[in-house]
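Asks: I need the structure of the sequence given here:
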Amino acid sequence: MDPLKIIEKYYQKDSKAYFVLVNHSGAVTEKAIQIAKKQKDFSFDIQFIKEATMLHDVGIFLTNAPNVGCFGKEPYLCHGVLGKEILEKEGYGKHARVCENHIIISKNEIIENNLPLEKKDMFPLSQEEEVISLADKFFSKSSSDLFCEKNIIEVKEEMKRFGNFKANFFNYLIDKYKV
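Replies: I've put the predicted structure just below:
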């Protein structure tokens, strides 16, 4: 599987959205592999991590996020579900789960905040999904921060802004993988 070939089916190579997606995903891929390779107590499918991390945000083009060059109709929060649909259509169900689950959101948060998502938990289930989700939190898609890795204190503060569930889950992953 070549993640770039899948991305190029949905993105124009010279677009801002392509530039942001590929560069963000590349940085997250490097971080995810770095985290996985440091683990002594866990075994990882590194090839899957490489593929799935490059594709974890493939659904952003369908969202309304002009700051990253995306002019779709859906709220940005839906990018994981939209990516899941794309990858399922492409025949990559295991990779599709990463798209949906990397956003780290609970069913209760969806219900309490009346979010435009299916009422179910969306958080990493496998070790590979956890490492990808963890690595993703260290990188932004904004133009000014696209190539800058956040430090752990910055990420923890950001996770608090998104609620207790996300902050607690992030802290759990930090402890589990000794980041």
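Asks: Could you report the neighbour count for the nearest residue to residue 120 once chain neighbours are set aside?
Replies: Leaving aside its sequence neighbours, residue 120 sits nearest to residue 107 (Cβ to Cβ, 6 or more residues apart in numbering; 5.3 Å). For the C-beta atoms, the positions are set from N, CA and C on the backbone; glycine is no exception. Residue 107 has 14 neighbouring residues, counting by other Cβ atoms under 10 Å.
Asks: give me every residue that touches residue 107.
Replies: Residue 107 makes contacts with 119-121, as judged by Cβ atoms under 8 Å, 6 or more residues apart in numbering.
Asks: before we move on, which element is residue 64 in?
Replies: For residue 64, the enclosing helix or strand under DSSP states H and E is strand 64-65.
Asks: Given the helix or strand just after that strand, what are its sheet partners and their directions?
Replies: Helices and strands here follow DSSP H and E; after strand 64-65, the next one along the chain is strand 70-71. If you go by DSSP bridges, strand 70-71 pairs up with strand 64-65 (antiparallel).
Asks: got the contact list for the partner strand?
Replies: Outside strand 64-65, the residues that reach it (Cβ under 8 Å, 6+ apart) are 70-76, 79.
Asks: shouldn't residue 88 be in contact with residue 96?
Replies: Yes: shown here, residue 88 and residue 96 form a contact pair, counting by Cβ atoms under 8 Å, at 4.6 Å.
Asks: What is the end-to-end distance of stretch 5-16?
Replies: 17 Å (Cα to Cα, to the nearest Å).
Asks: Residue 145: how many residues sit nearby?
Replies: Residue 145 has 12 neighbours, counted by other Cβ under 10 Å.
Asks: With residue 11 instead?
Replies: 22.
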